[in-house]
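Q: how would this look folded up:
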Amino acid sequence: MLKSENEISKKGYDFRHLLNFRIGFEVERHRVNLAGEISTFPYPKGIGNEVENAWITTDFMETMTEVVTPVAQTAEQAFVALDKISNVLKASLAEEELLWPLSMPPTLPKNLADIDIAHTTAEKRAYFINWVQRHNFQRATPTGVHINLGLNLQFIESNDLSRDEINELYMKVARGFMKNRYVLTYFFGASPIAEENYFLESQHAVNFVRSIRQSKLGFGTRYPGDYSSVEKYVAKILNGIRTGELFADNDFHAPVRLRGTQDLNHLASEGIDHIELRVLDFDPWSRDGISADAVHLIRLMAAYFIEYEEGPFNLTQADQVNEEVSLSSPTDKLHRGKMWSFIDDLKKFAYQIQAGQVFYDVLNRLTSQLQNPENTISARLIANIKNGSLNDFALNQATLNKMETPKIQTIKSVFEDSDGRVNSDDLKAHLF
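A: The predicted model follows:
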C-alpha cells in the first residue's frame, strides 16, 4: 500500500539521494560465428589474460563472455562504462565472430562434449564441471543482464543509518523485487523460444512465451532462499551446502541475491553492501542488452520498496506468479489488473517525491504496453521468428552492433598494457 505524502515526509529521507543508487552491470553474451553457431575462437586477443581480466570475463562456457562494469554513482555513468567496455570486447572479436544478442543460446551442438568449459581459475572450473555433472548442461547456457544496486552513501550518511537499519532496508528491497519481479518479466522478458538442441529429447519445447530464461525451464539451480532477515538468508544457503542441494554459495541462482564486501560467511556480521538483480533478459534492441527504461524502472521500484508498507510475503506464491507470466503468451493479459495497480502506485509515488520527467515518461510507456502487449519485447521478437528460429534476426542485430562499434584504442590500451589486471580506480579514470 502506498504511503501518504505526510507519512513519507516523516521519514526525513532525501529522495534525490535515494534514487541515485550506486549501480553496476554484468552483461553476458555468447560469442558465435557468422552462421550463428558457437564460436571456436579462443578468448579475444588484445584485452589481457582471461583469468586476470575482471571486466571482460568468461562464465561457464569458454564462449560465454561477460562484461562487468565498476561501481558507478549514477545510472548514466554505469551506461557509459557498459558501452565503452562492450566496445572493447566487440573490437577485439575475431573478424568472423559476433556477439549473440539473445538470452537463449544459439543452436547448441548435438554432442555437448564439443562445448568447451571456461578456461578460468581452477576453483571456478571445478565448480562448472561439478554443476554439469549435477544438472542438464543446457540449463547453464542462457545468458542475461545482472544489475547490482546499492544505497547511495550520501543517503546512508544523511539519515545516520546503522548497519542493522541498512540491512533491513536491503531486505525490504529484496522482498519487494522477489514479490513483484513478474512485472519485470512482463515488460522485459525476451526469450520466447529456444534454438535447436536446448531442450532434451525427453522434454517438450514450449509454445511462444514471454521468458523461458525466467521460468523453471531456464537458467540455474532451483533452490528457494529465505528473505526474512540477512541471518536467515545466510543460514538457508549454508544449509543447502551442508545437505548437498547446493555445491557452493555461488550455486544459489536466485533472482535476487544479497551481496557484501566479503564472502557469504561475513554477510551478517559485516552487513549488506548491495543487492544483485538477476531478473532481466537480454534486450536485442538495446545496444548493450539493457534499456534505460528498465534501469529507471528498477531504480524507482527500489525506492518505492523502501517507502511502501509491506504486505504479506509468500515466496512460493511469488515464484508461482512469475512462472505464470514467464510461460504465458506474450500477448496474454494475465495479471494485468495487478500490474495496472502497481504501475499506478509507482506513478503516485514518483509524483510525491518529484522523481522527474524521465520516470514519468517510462511509466507512461509501460502503461501503453499494458494496454498493447503486442508492443512488449517478447511479442516483438515473435514477429521476427522464421521457420521456428530467431537465428536470422539475431545475426542481423549482432552484425549491426559490431558495425556500429567506434574506435576505442585509448580504453583498449588500458587492458593491453596491464594484461587485463586493471583495477577499478584506474579503469574509472579512463571511463568517466
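Q: rest of the way, CA atoms for contacts and neighbours
A: Will do.
Q: tell me the centre residue of this structure?
A: When CA atoms, centre = their mean is applied to the chain, the residue found nearest the centroid is residue 146 (2.4 Å).
Q: what sits against that one?
A: 25, 26, 27, 276, 277, 278, 279, 280 (CA atoms under 8 Å, 6 or more residues apart in numbering).
Q: Quick check, the last one in contact with residue 186.
A: Spelled out, it's residue 280. No. Residue 280 lies out of contact with residue 186 (CA atoms under 8 Å); the separation is 10.4 Å.
Q: Tell me the first helix or strand C-terminal of the helix or strand hosting residue 345.
A: Secondary structure assigned from DSSP states H and E places residue 345 in helix 336-352. Downstream of helix 336-352, the next assigned helix or strand under DSSP H and E is helix 357-371.
Q: So which other helices or strands are in contact with that next one?
A: helix 292-307, helix 336-352 (3 or more CA pairs under 8 Å, 6 or more residues apart in numbering; DSSP states H and E).
Q: Report the buried residues of stretch 208-215.
A: 208, 209, 210, 211, 212, 213, 214, 215 (16 or more other CA atoms under 10 Å).
Q: Among the residues you listed, list the two that are farthest apart in space.
A: Comparing all pairs in the buried residues of stretch 208-215 by CA to CA, the longest separation belongs to 208 and 214, at 13.8 Å.
Q: How about the contacts made by the closest residue in space to residue 195 that isn't next to it in sequence?
A: In space, and not counting its chain neighbours, residue 195 is closest to residue 107: 5.1 Å by CA to CA, 6 or more residues apart in numbering. By CA under 8 Å, 6+ apart, the contact set of residue 107 is 36, 37, 38, 195, 196, 197, 198.
Q: and which of those is nearest residue 360?
A: Out of the contacts of residue 107, the member with the shortest distance to residue 360 (by CA to CA) is residue 195, at 37.0 Å.
Q: That closest one and residue 105 touch, don't they?
A: Yes. With contact defined as CA under 8 Å, residue 195 counts as touching residue 105 (6.9 Å).
Q: who's more crowded, the two?
A: Of the pair residue 195 and residue 105, residue 105 is the one with more neighbours under other CA atoms under 10 Å, namely 27 against 16.
Q: Three-state assignment for that one, please.
A: coil (DSSP: H, G, I helix; E, B strand; the rest coil).
Q: Surely it and residue 193 touch.
A: No. At 10.1 Å, residue 105 does not count as touching residue 193 under the criterion of CA under 8 Å.
Q: Show me the shaky parts of the stretch 301-432 of the chain.
A: Low-confidence segments of the stretch 301-432 of the chain, defined by pLDDT under 70: 407-410.
Q: who touches residue 255 in this structure?
A: By CA under 8 Å, 6+ apart, the neighbours of residue 255 are 178, 277, 278, 279.
Q: mind giving me CSV with those and columns for neighbour count and secondary structure?
A: Listed next are the contacts of residue 255 as CSV, based on neighbours: other CA atoms under 10 Å; DSSP: H, G, I helix; E, B strand; the rest coil:
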residue, neighbour count, secondary structure
178, 22, helix
277, 22, strand
278, 19, strand
279, 22, strand
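Q: and those, which two are the farthest apart?
A: 178 and 278 (10.5 Å).
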